[in-house]
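Chemist: sequence and predicted structure are below.
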Amino acid sequence: MKKILLIIQREYLTRVRKKSFLIMTILGPVLMAALVILPVYLTENAAPSAKIAVLDETGWFYQKFHSQGKVQFYYVYKSLEQAKAEALSKGDMLLYIPLTRLNLPENAELFSVKQPGVFVENYIKTVMRQVVEDKKMLAKGIDPNVLKSIKAHIHLATIKVSEEGTEKKTNTGLETGLAVFSGFLIYFFVFMYGAQVMRGVMEEKQNRIVELIISSVKPFQLMVGKIIGVGLVGLTQFLLWVMLTMGFVGAFQSHIFSEKRVVHQVQTMTEQTMAVPAATASPDKTNAVMTAVSGFLSAVNFKVMILSFLFYFLGGYLLYASLFAAVGGAIDHDTDAQQFMFPISIPLIFSMVMISVVANQPDGPLALWMSMIPFTSPVIMMMRIPFGVPYWQIGLSAAILVITFLFATFLAGKIYRIGILVYGKKVGYSDLWKWLRY
């Protein structure tokens, strides 16, 4: 045991002292925080800015176009050529709505020096469509206001009832997002750190360092120490990523955005998404949406999610790292790794392929069985947990994963102890089978 602890210490300290570890530990949270911060920051500061002159020969759209943030509308009453020359000379756009004799004014032209944004085009088409539809309804004796008043907006609240009879509000969209994010993290970290174990074994084998090491320790001790050491490095880096990312995002929110600006930003994003005039948005509605999101977040059992993530991260990593270590000990070059890596990677890849199926039916038989099979359970179970999973299923899945890891480590150790001393030979599956029978 003392020798294994020394190997763990060596693997851990050697890797955390590398410049690459320090760079990725800082760069990773910066990139993750940027994914959260940049869309909000760019949406606020890079909002479309334009002045649009409106030449409406029909008179139908007078005062119908309202300024939207940095997009301002103003009306002109000149000939087309004169209005176009004046607007373009100032860098503005010209919206020309020609007068029609027989048809409704359903066509318009937008002149500009630069390509107009999607928001500008959608807003203009939305306003024109609404005005023309209102005119059509009036022509048929239908009051548009009456038609608008009978429209209903249905809000469906999903409530999950447990076996004990307790009720809890849920949000399928939020739970699906958490499920996909959790499953992808497990997939990413298992592959990344598992591959590090394989490369580390291959480097020691190619440099003949392993021959010196196994003169003092048993091959199985070396493999276990290497797997646990790299796993602790991954866990350390992941925890640092979480803390630094939360710190960066929190600092940005507290120093850059005040509560008023956040509400205004949500309101602006809602207006742009729905392409409606600014007057229709309400801060009260925005606050209600934010309150609802906070309520759904509070309903998620993050304690179970975090503990489950740590377990399945370690369990999935230990299982696959033992297999990767066996592959690294059996081959001499990266080019030989593909024939062994592909069969090992199939269950993880299949888990990612089945994301949509599991998200649509988290309690279905396929999701249940895949969350019990140890080669797919780290990803699939983490995708099911946000939707609510009985504790006995989590416990059974965890027990199967631990037993499979121990058995896989035993088999991988038999391959590893022989493979690390085999040089210059292209190893096949028949060789692995012979090594397992020794």
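Modeler: That came through fine. Numbers count the residues shown, from 1 in each chain.
Chemist: quick one: V16 and N207, what's the gap?
Modeler: 21 Å (Cβ to Cβ, to the nearest Å). C-beta: built from backbone N, CA, C; applies to glycine.
Chemist: check K125 too.
Modeler: Distance from K125 to N207, by Cβ to Cβ: 66 Å.
Chemist: repeat that for K140.
Modeler: From K140 to N207 the distance is 85 Å (Cβ to Cβ).
Chemist: just R199 next, same as before
Modeler: R199 is 12 Å from N207, by Cβ to Cβ.
Chemist: same question, Y96
Modeler: Relative to N207, and taking Cβ to Cβ, Y96 is found at 74 Å.
Chemist: these two: who's more crowded?
Modeler: Per other Cβ atoms under 10 Å, whichever of Y96 and N207 has more neighbours is Y96, with 19 against 10.
Chemist: for this protein, which helix is longest?
Modeler: When every helix of the chain is counted residue by residue (DSSP state H), the longest turns out to be helix 219-256.
Chemist: pull the longest strand from this structure.
Modeler: strand 50-56 (DSSP state E).
Chemist: which residues touch it?
Modeler: 61-62, 65, 70-78, 80, 83, 86-87, 90-97, 110, 112, 116-117, 120 (Cβ atoms under 8 Å, 6 or more residues apart in numbering).
Chemist: phi, psi for the closest residue to I420 other than its chain neighbours please.
Modeler: Nearest non-adjacent residue to I420, counting by Cβ to Cβ, 6 or more residues apart in numbering: G329, 4.4 Å away. The phi/psi pair for G329 (degrees, to the nearest 10) reads phi -80, psi -20.
Chemist: G329 - how many residues pack around it?
Modeler: What G329 shows, counting by other Cβ under 10 Å, is a neighbour count of 28.
Chemist: my read is that it contacts Y416, right?
Modeler: Yes - G329 lies in contact with Y416 (Cβ atoms under 8 Å); the separation is 4.2 Å.
Chemist: which neighbours do the two have in common?
Modeler: Joint contacts of G329 and Y416 (Cβ under 8 Å, 6+ apart) are 201, 223.
Chemist: and the helix or strand encompassing Y123 with strand 50-56, angle?
Modeler: Under the criterion of DSSP states H and E, Y123 resides in helix 118-139. Per axes from the mean of the first three to the mean of the last three Cα atoms, to 10 degrees, the angle that helix 118-139 makes with strand 50-56 is 30 degrees.
Chemist: alpha carbons of helix 118-139, as CSV, please.
Modeler: What follows is helix 118-139, C-alpha atoms only, in CSV (Å, rounded to 0.1, in the frame of the first residue of the first chain):
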residue,chain,number,x,y,z
VAL,A,118,-31.8,40.0,-39.3
PHE,A,119,-33.6,41.9,-36.4
VAL,A,120,-34.3,44.9,-38.6
GLU,A,121,-35.7,42.8,-41.4
ASN,A,122,-37.9,40.7,-39.1
TYR,A,123,-39.2,43.8,-37.3
ILE,A,124,-40.2,45.6,-40.5
LYS,A,125,-41.9,42.5,-41.9
THR,A,126,-43.7,41.9,-38.6
VAL,A,127,-45.1,45.4,-38.5
MET,A,128,-46.2,45.4,-42.1
ARG,A,129,-47.8,42.0,-41.8
GLN,A,130,-49.8,43.1,-38.7
VAL,A,131,-51.0,46.3,-40.4
VAL,A,132,-52.1,44.5,-43.6
GLU,A,133,-53.8,41.8,-41.7
ASP,A,134,-55.7,44.4,-39.6
LYS,A,135,-56.8,46.1,-42.8
LYS,A,136,-58.0,42.8,-44.3
MET,A,137,-60.1,42.0,-41.3
LEU,A,138,-61.7,45.5,-41.3
ALA,A,139,-62.6,45.1,-44.9
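Chemist: quick check: next helix or strand after that helix?
Modeler: Next along from helix 118-139, by DSSP H and E: helix 144-149.
Chemist: list the buried ones in that following helix?
Modeler: Neighbour counts over helix 144-149 (16 or more other Cβ atoms under 10 Å) mark no residue as buried.
Chemist: list the helices and strands it packs on?
Modeler: Judged by 3 or more Cβ pairs under 8 Å, 6 or more residues apart in numbering; DSSP states H and E, the packing partners of helix 144-149 are helix 118-139.
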